[in-house]
Structures are given as structure tokens and as C-alpha cells.
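**Q** Provided below for reference: sequence and predicted model.
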Amino acid sequence: MTPFLNQIQSETSTTIMATAKKAAADNGVLHSQTSGNRIITLDEFIIRSEKDFDYATGELTGLLRDIGVAAKIINREVNKAGLVNIVGEADSGENHSGDMQQKLDVYANEKLIECLQNSGECCAIASEENTDILNIPPVGSKKSHYVVMFDPLDGSSNIDVNVSVGTIFAIYRRESDVSGPATKADFLQAGNKQIAAGYVLYGTSTILVYTTGRGVNGFTLDPSIGEFCLSHRNMRIPEHGQTYSVNQGYYSKFDLEMRRYIDHCSDQNYGLRYIGSMVSDIHRILIQGGIFLYPSTRKYPKGKLRLLYECNPLSLLVEQAGGKAINTQLKRILEVEPTELHQRSTIVIGSPGMVDELKAFIERYSALPL
Ligand code: FDP
């Protein structure tokens, strides 16, 4: 080997050593930031909590881990979106609901399906990006009891402008016989039958938040070790917040009760915070309190957001954290019996005190003509 090549090799190993030392040091910072406690990874937390599940066979544990792996892969692509030719619209054009599919939407969808296929813990999926349900071939003789629904990349109209986006998921126990394929009815279950639900927010840091119906916990991705680490234990939503979140550009298209409520928020000096990426808005509300509204508009008379893979999982999380979620007919979102896979819904979700406040406006004004 020439002296030149030798030098390059030795410089490279020095750089690798320095990077490894820095990663270890950064990791140490994280240790001390977690109040001196040992880091608890998502995998460890899921395994430890397994005994809390009604059906503790390890299947649900496997599923949550599959979703965690998919989230890391999607995170990697989202983070380099500006560097490679992956932003922008996909060649496939519009999806079934007429939205222009984004390249990262397609990528995220594929990765989730791939990861859920690997372990064989999931027998079928339904996704915002697929018109129908997709049965997953069994792995060996394994008979899976679970179906998973997801929005692979919520808020995707924000991707090209570097605004946070998210993945939302909901897990149900199938109702059909395990010996045959899953059916659409396995997915058309009310939200209160969810076994687990969560989201991954690809933001300034990447965080995975989930519930299995026993509280809500958040795990921040530590890129130096490539693990989601417990960072938000037992999240509780404040009774009241100081912000409201709604696309106020549609003000003139909202019904009277919504306009009156928005006027009330302004009178109360609540701040308006609307990212336009539902996962991000809900994440802020989970931490700081507040209210998120997407009522009917003339364009979306039944509301814009999807009941099964947006409203239901986020409602379960918010309720589990002590919040409330209803539609503008004042029905609890989790009790709505779905009739279609891609059904839309209106939603009012957030701090319990603020949802009750809005409820009073609906009761008072909704009978009045526009
Ligand atoms: P997007 O269309 O970008 O996927 O899921 C739909 C959603 O985003 C939500 O994330 C977001 O809160 C909402 O739509 C934004 O809709 P508007 O642009 O109509 O406000």
C-alpha cells in the first residue's frame, strides 16, 4: 500500500473512532437528560408491558415492533427528502380519493406493508393509499388475529415545504374466523374496539406515541443509537389550553355555531395554531392542551378527515390522555359505527374543558339557520 493510501486509511479510522466517541458522549447526555435513569427503549417497554394485554401471546408486541421498524425506515427517507429525488408527486398520479399521491406517501405505504408482512402477526391491512383491504399471506402455519389500519404519511401536502408529517396507525382484533382471509367487516369496527393506536411524528425530532388502552407513552428516536427511547411517560392532556387549531381560512364556510365558537376563542385571547398536519397539531395539544376542529365545510359536508385511520386512533390517544373527541353531531368519535373504509368525519378533539365549551356552542346555535 502506498504511503498516501496508508494515510487515508489511518485518517478514516481516526474519524470513525471520533464519531463513535461522540455518539457515546451524546448518548451520555441523553442518559443524564432522562433524570439519571437508564434508557428504556421502545422494544423493552413493549415487551415489559406485554403482560398487561388481554391476549398476551406476543403477537401484539410483534406488531408494535414491526411498526417501530417501519417508522425508522420512513424517518430516514423523510429526513433526506430534500437531498434526493423523492419529494413531489408520484408517477402513479391520484389515489382513490382524488388526492395527488406524493412519492413519500407511496414509499411509506410500501415500507409499512413490507414490515407488517415480515413477522406474520398481521393478517390484513387497510391504508389511506389503497382502495381496498389487502390480505397478507400467512407466514408458515401462523394464524394472525390482528388487522392494522394506517395513514402512512398524514399531512403529506406539507412534505415539499419541510413541515412535519406523521404516520397514524390503529390495530384491531379481527372478528372473522382466523382460518380464512380477513374481511372488510374486520376493519369496520367502532373505534372503541381498537386494541392499540398511535402515531409517529417526523418533526424536529422523531417521536412515536402509542396506547394499548392503558395510558399514553411517547418515545423519541435517538439517532445516535437508532432506538426509540421512552421520553414522555404517561402523557396527560391539560384540562384547558390556550390555543385553538382550525383552518380559519374556511371561516365563512363554517356553520354558525363554529363561527360563534371561533369568535369566542378570539374574545378569550386564545392563540390560533394550525400547522395543517393533523399529527403535529394533535401532538402539540397532547402536550400543551388546546382544541382541534375540522367541522363540515361546503366542500366537505361530512368533514374532511378519515374516521378509521385518522380520527379513531387519534381520539383513542387523546381520550387515554384524559381528553375528549366528538363529531359535530356531538357523538363520541369512538362510538361511531363505520360503514365505509375511507369514511370521512367531522371532529372536535382536545382538552376536555375546551371540547365541552364548544359542545355548549353547538347545543346553543346549531338549530339556527346560517
Ligand atoms: P393532508 O391533506 O395534507 O394529508 O389528513 C388530511 C390533512 O392533511 C390533515 O393532516 C390536516 O390537518 C388537514 O388535512 C389539512 O386540511 P386543510 O388543508 O383543508 O386545512
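**A** Good, I have the coordinates. Numbering: from 1, shown residues only.

**Q** Tell me the buried residues in stretch 346-361?
**A** Neighbour-count burial for stretch 346-361, counted by 16 or more other Cβ atoms under 10 Å, picks out 346-352, 354-355, 357-359, 361. No exception for glycine: its C-beta is placed from N, CA and C like everyone else's.

**Q** and what of stretch 240-249?
**A** His240, Gly241, Gln242, Thr243, Tyr244, Ser245, Val246.

**Q** So is it next to the ligand?
**A** Yes: legend: contact between stretch 240-249 and the ligand by Cβ under 6 Å from any ligand atom is shown at Asn247.

**Q** and Leu230, what does it touch?
**A** Taking Cβ atoms under 8 Å, 6 or more residues apart in numbering, we find Leu230 in contact with Thr34, Ile39, Ile40, Thr41, Leu42, Phe45, Asn217, Gly218, Phe219.

**Q** who wins for most neighbours among those residues?
**A** Phe219 (27 neighbours; other Cβ atoms under 10 Å).

**Q** what about that residue, distance to Tyr250?
**A** Going from Phe219 to Tyr250 by Cβ to Cβ, to the nearest Å gives 35 Å.

**Q** Equivalent analysis for Ile347, please.
**A** 14 Å.

**Q** what does Gly226 give?
**A** Look at Gly226 and Tyr250: by Cβ to Cβ, they are 41 Å apart.

**Q** residues of stretch 199-209 that come out buried?
**A** Those buried within stretch 199-209 under the rule 16+ other Cβ under 10 Å are Tyr199, Val200, Leu201, Tyr202, Gly203, Thr206, Ile207, Leu208, Val209.

**Q** Is any residue of it near the ligand?
**A** No: under the criterion of Cβ under 6 Å from any ligand atom, the ligand is not reached by stretch 199-209; the shortest gap measures 10.8 Å.

**Q** Surely Ser157 and Lys304 touch.
**A** No: under the criterion of Cβ atoms under 8 Å, Ser157 makes no contact with Lys304, lying 11.7 Å away.

**Q** In terms of neighbours, single out the busier of these two.
**A** Under the criterion of other Cβ under 10 Å, the comparison of Ser157 against Lys304 puts Lys304 first, with 18 against 13.

**Q** Spell out the residue ranges of the helices in the stretch 251-370 of the chain.
**A** Under the criterion DSSP state H, counting those that start in this stretch, the stretch 251-370 of the chain contains helices at 256-267, 278-288, 312-320, 352-365.

**Q** possible to save those helices as CSV with distance to Met235 and mean pLDDT?
**A** Below are the helices of the stretch 251-370 of the chain laid out as CSV (distance: least, Cβ to Cβ, whole Å; pLDDT from 0 to 100):
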stretch, distance to Met235, mean pLDDT
helix 256-267, 24, 96
helix 278-288, 6, 98
helix 312-320, 8, 98
helix 352-365, 14, 96
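
**Q** Pro295 reaches Met258, doesn't it?
**A** Yes: counting by Cβ under 8 Å, Pro295 does reach Met258; the two are 4.8 Å apart.

**Q** list the residues that contact both of these two?
**A** Between them, Pro295 and Met258 share the contacting residues Val246, Thr328, judged by Cβ under 8 Å, 6+ apart.

**Q** Next, work out how far apart the closest residue to Glu257 other than its chain neighbours and Lys142 are.
**A** On the basis of Cβ to Cβ, 6 or more residues apart in numbering, the spatially nearest residue to Glu257 that is not a chain neighbour turns out to be Tyr365, at 3.9 Å. Per Cβ to Cβ, Tyr365 is found 54 Å from Lys142.

**Q** Pick out whichever of these two has more residues nearby.
**A** With neighbours defined as other Cβ under 10 Å, Tyr365 and Lys142 compare such that Tyr365 has more, 15 against 12.

**Q** Please name the residues that touch the more buried one.
**A** Contacts of Tyr365 were listed using Cβ under 8 Å, 6+ apart, and they are Leu256, Glu257, Arg260.

**Q** Out of the residues you listed, grab the one that's most surrounded.
**A** That'd be Glu257 among the contacts of Tyr365, by other Cβ under 10 Å, with 21 neighbours.

**Q** Make sure that one is actually in contact with Ala360.
**A** No: taking contacts as Cβ under 8 Å, Glu257 lies outside contact range of Ala360: 9.6 Å.

**Q** Check Phe61 and give its pLDDT.
**A** Residue 61: Thr, not Phe. Note for Thr61: predicted pLDDT of 86.

**Q** was I right about it contacting Arg48?
**A** No: using Cβ under 8 Å, Thr61 makes no contact with Arg48, being 9.8 Å away.

**Q** neighbour count winner among those two?
**A** A direct count of neighbours by other Cβ under 10 Å for Thr61 and Arg48 places Thr61 higher, at 20 against 11.

**Q** Please identify the helix or strand for that one.
**A** Secondary structure assignment for Thr61, by DSSP states H and E: helix 59-79.

**Q** quick revisit: mind giving me a markdown table with the contacts of Tyr365 and columns for distance to Asp186?
**A** Below are the contacts of Tyr365 laid out as a markdown table (distance: Cβ to Cβ, whole Å):
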| residue | distance to Asp186 |
| --- | --- |
| Leu256 | 40 |
| Glu257 | 36 |
| Arg260 | 41 |
